[in-house]
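Engineer: sharing a model prediction with you, sequence too.
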Amino acid sequence: MAKVVFPDHLLPRTGGVRELEVECKNFRALARALEAKWPGIEDALEKTAVAIDGQIYQDAWLEPIGPSSEVFFLQRIEGG
């Protein structure tokens, strides 16, 4: 099970849920699991960067997630 941590801005309807354990093999599967739990979240995920085991990705859809991975959602910073 991967450990998934959300920032407050991503899931305002969850009543403050910030961490959960999810079983998945890659980020796309994680997005599907989250979509099943919170319909409509996929739009937010597309606008959010993610760190998987410390590596930050702007577009992580095919990145593998191992059973002991840590996934952190981050605010995407545009421009720069």
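Structural biologist: Now that the structure is in, tell me what you want to look at.
Engineer: all helices for the chain, in order.
Structural biologist: Ranges of helices in the chain, per DSSP state H, are 27-37, 41-46.
Engineer: buried residues, the last one. List them.
Structural biologist: Residues of helix 41-46 classed as buried under the neighbour-count rule (16 or more other CB atoms under 10 Å) are Ile41, Ala44, Leu45. The way it works is simple: take the backbone N, C-alpha and C, and place the C-beta from them, glycine included.
Engineer: list just the nearest of the residues you listed to Cys24.
Structural biologist: The shortest approach to Cys24 among the buried residues of helix 41-46 belongs to Leu45, at 12.9 Å (CB to CB).
Engineer: now do stretch 1-12, average pLDDT.
Structural biologist: Averaged over stretch 1-12, pLDDT sits at 75.
Engineer: repeat for stretch 44-61
Structural biologist: 87.
Engineer: buried ones in it, by neighbour count?
Structural biologist: The neighbour-count check on stretch 44-61 (16+ other CB under 10 Å) flags Ala44, Leu45, Thr48, Val50, Ile52, Ala60 as buried.
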